[in-house]
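Peer 1: Next comes the sequence, and after it the predicted model I'd like to discuss.
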Amino acid sequence: MPAESAAADLLRALAPVLRRFGDRWYVFGAQAAIVWGRPRLTGDVDVTVFLEPDAPKDFVAAMAEVGFLLRVTDVDRFVERTRVLPFLHRETSLALDVVLGGPGPEEEFARHTRHVDLGGVSVPVLAPEELVVTKILAGRPKDLEDVRGVLVAQAEAFDVERTRELLQMLEAALDQADLLPVFEAQLGLARRGGR
């Protein structure tokens, strides 16, 4: 099964469960990078979810009913430590990481999602600017490659100033000064040809 159709099948199975738990969520990570940037291989789907009610055990049970198997045994401890629920979608064999959203940047990011049709499923996807911010925060080589891909693909539609503002806010909140310089370096590379 091609990765894009597998991801669409996974999201098609996931969406009804999320509607039962408040329907506040968005796709981020590699799938969002594919939407806003360049195609690339990935074996997972990442979503941030704001559970209403905030009942991870009930959510896990509802996910199991539609074919999502939890990849950890001690849910409470794992969630407390990571705020992530890692699943495997039995039908597609794709990994799904559900990040439990909370106050702060995740809520701000949720306000700027855009609905995108992914294989016949309309899903909220992290906006390109917020995606770039999350990729700068992660900082791995593949994340920076995704940043350049988004900057090249979105070109004039990309809001550089909003991204700078978000990064400055995060630098202040995290008491660090290395996020904006990384973005400016990636922006320069993207403007010179994307590599």
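Peer 2: Structure's in. What do you need? Just so we're clear, the structure is a prediction, and the values are computed from it rather than from any experiment.
Peer 1: Pull the contacting residues for the nearest residue to Arg24 once chain neighbours are set aside.
Peer 2: Using Cβ to Cβ, 6 or more residues apart in numbering and skipping residues adjacent in sequence, the residue nearest Arg24 is Phe50, 4.0 Å away. No exception for glycine: its C-beta is placed from N, CA and C like everyone else's. Phe50 makes contacts with Gly22, Arg24, Trp25, Leu100, Gly101, Gly102, Glu106, Glu107, Ala110, as judged by Cβ atoms under 8 Å, 6 or more residues apart in numbering.
Peer 1: Take these and keep only those in strands.
Peer 2: Among the contacts of Phe50, the members found in strands (DSSP state E) are Trp25, Leu100.
Peer 1: Roughly how far does the residue nearest to Arg24 sit from Val60?
Peer 2: 16 Å (Cβ to Cβ, to the nearest Å).
Peer 1: same check, this time on Ala185
Peer 2: The gap separating Ala185 from Val60 is 41 Å, by Cβ to Cβ.
Peer 1: and the two? which has more neighbours close in?
Peer 2: The neighbour count for Ala185 versus Val60, taken as other Cβ atoms under 10 Å, is higher for Val60 (17 against 13).
Peer 1: thinking again about what came up before, so what pLDDT did the residue nearest to Arg24 get?
Peer 2: Here, the pLDDT recorded for Phe50 equals 95.
Peer 1: Pull up the gap between it and Gly101, please.
Peer 2: For Phe50, the distance to Gly101 - Cβ to Cβ - is 4 Å.
Peer 1: what sits in contact with each of those two?
Peer 2: Common neighbours of Phe50 and Gly101 are listed as Arg24, Trp25, Glu107, Ala110 (criterion: Cβ under 8 Å, 6+ apart).
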